[in-house]
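Colleague: What follows is a predicted structure for the sequence shown.
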Amino acid sequence: MKGAADNKTVLSYKGFVDFEAIGDLIGLLKNKIADFDISLVTYKKVLVILIESLENIYKYYVSNGIDKVSLPQVSLPAFSIIRKQNGVIIISSSNIIKNEDMKPFADRLDRLNRLEFNDLRKLYRKTITNGHFSNQGGAGLGLIEMAKISNEKINYKFENLDKYFSRLTLIISITNGNNPDK
């Protein structure tokens, strides 16, 4: 019987995100996944989304000069939580974002959330071949890939911290199953 026993935290991390932390979290996920009755197809999706989420956090930190020393002065560190809830894997990740970047980010996510799966695939192919990259070093591929892989809308919220920074939280759901086309 599913229910409260199926509502479990698979992985939780709170702290500064760098390549060492990303590697450690990938290792932890690999070691813990068997304990949570998650299919191989779903595990691969969770892994890609976790990596993309953490790399996006790290790239944003680097491009804005946020490091371990300055982070406590700005706000709380990033976090990432993977939960299994009623057969759905929920990946939440949170990081600091400049207030001036909130509207462009929200606009981009809203545009992605309006696209159907095939349109996301086309946008991914177009973006990967056009060679345009953002100041953070990416072409927005990470968000497109997360939306494409989850085949669900990416939920997000902002929490204002001060006049310069807010906290961005992304919430991505993946249905636990064996359908590779979703």
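Modeller: All right, it came through fine.
Colleague: Help me confirm that Met146 comes into contact with Ile154.
Modeller: Yes: in this structure, Met146 is within contact of Ile154 by CB atoms under 8 Å, at 6.4 Å. From N, CA and C alone the C-beta is placed, and that goes for glycine too.
Colleague: immediately after the helix or strand of the chain with the lowest mean pLDDT, which helix or strand?
Modeller: In the chain, no helix or strand scores lower on mean pLDDT, DSSP states H and E than helix 71-74, which sits at a mean of 50. Sequence-wise, the next helix or strand downstream of helix 71-74 (DSSP states H and E) is strand 78-85.
Colleague: how about that following strand: buried residues?
Modeller: Ala78, Phe79, Ser80, Ile81, Ile82, Arg83, Lys84 (16 or more other CB atoms under 10 Å).
Colleague: between these, which is nearest Leu170?
Modeller: Among those, Ser80 lies closest to Leu170 (CB to CB), at 9.6 Å.
Colleague: for that closest one, which residues make a bridge with it?
Modeller: Per DSSP bridges, the residues bridged to Ser80 are Tyr13, Ser93.
Colleague: Let me see the confidence value for it.
Modeller: pLDDT, Ser80: 82.
Colleague: So that it lines up with my notes, have the first residue be 68 from now on.
Modeller: Right, with 68 as the first residue, what we last looked at is Ser147.
Colleague: so where's this structure uncertain?
Modeller: Applying pLDDT under 70 to the chain flags residues 68-73, 131-144, 198-206, 244-249.
Colleague: hang on, the earlier thing: quick one: which of Met213 and Ile221 has more around it?
Modeller: Between Met213 and Ile221, counted using other CB atoms under 10 Å, the more crowded position is Met213 (27 against 17).
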